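1. Here is my input, please return the structure:
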Amino acid sequence: MRIFPFVIVSTLMLMSVVAHAGDWPPGKKSQFMDGCLTENKSDTLKPSETAAYCKCRAEVLVSKFTTEEIDKIASRSAHGDLENRFRTATIKACSD
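-> Model prediction:
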């Protein structure tokens, strides 16, 4: 049957996504959002646009990074590869 290999591949792909996604450590989501909103405040963006951008970045965090990685990024202690992965992921997901 052709459907069986499709089910196996689909299941494995889904498991890799689920295994990678994390949860917000206590207090880190508000810390991340506050920092993002402050950092990205500008005269050229409306507050609603800044909020949408920060919300997108937060969604990228929980969908593509582990809880430990989320903690480091939200605490601003992410460096090197982790920082670059987050920057690249948010550029891809949150740029117009």
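2. Can you pull the poorly scored residue ranges out of the protein?
-> Low-confidence regions of the chain, defined here as pLDDT under 70, cover residues 1-20, 96.
3. the helices in it, which residues?
-> When assigned using DSSP state H, the helices of the chain occupy the ranges 3-20, 28-39, 47-64, 67-74, 80-94.
4. Can you convert those helices into TSV and add a column each for mean neighbour count?
-> In this view, the C-beta of every residue, glycine as well, is placed from N, C-alpha and C. Conversion of these to TSV gives the following (neighbours: other Cβ atoms under 10 Å):
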stretch	mean neighbour count
helix 3-20	10
helix 28-39	15
helix 47-64	16
helix 67-74	18
helix 80-94	13
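5. I'd assumed residue 63 was in contact with residue 24.
-> No: with contact defined as Cβ atoms under 8 Å, residue 24 and residue 63 do not form a contacting pair (12.0 Å).
6. Contacts only, for residue 71.
-> 25, 28 (Cβ atoms under 8 Å, 6 or more residues apart in numbering).
7. Could you report the separation of the nearest residue to residue 45 once chain neighbours are set aside from residue 86?
-> In space, and not counting its chain neighbours, residue 45 is closest to residue 53: 7.7 Å by Cβ to Cβ, 6 or more residues apart in numbering. As for residue 53, its distance to residue 86 is 14 Å (criterion: Cβ to Cβ, to the nearest Å).
8. is it true that the residue nearest to residue 45 touches residue 42?
-> No: in this structure residue 53 lies outside contact range of residue 42 using Cβ under 8 Å: 10.5 Å.
9. Find the nearest non-adjacent residue to residue 64, please.
-> Distances taken as Cβ to Cβ, 6+ apart put residue 89 closest to residue 64, at 5.3 Å, once the chain neighbours are dropped.
10. Over to residue 69?
-> For residue 69, ignoring the flanking residues on the chain, the nearest one in space by Cβ to Cβ, 6+ apart is residue 82 at 6.0 Å.
11. The one you found reaches residue 75, doesn't it?
-> No: no contact is recorded between residue 82 and residue 75 when judged using Cβ under 8 Å, the distance being 11.6 Å.
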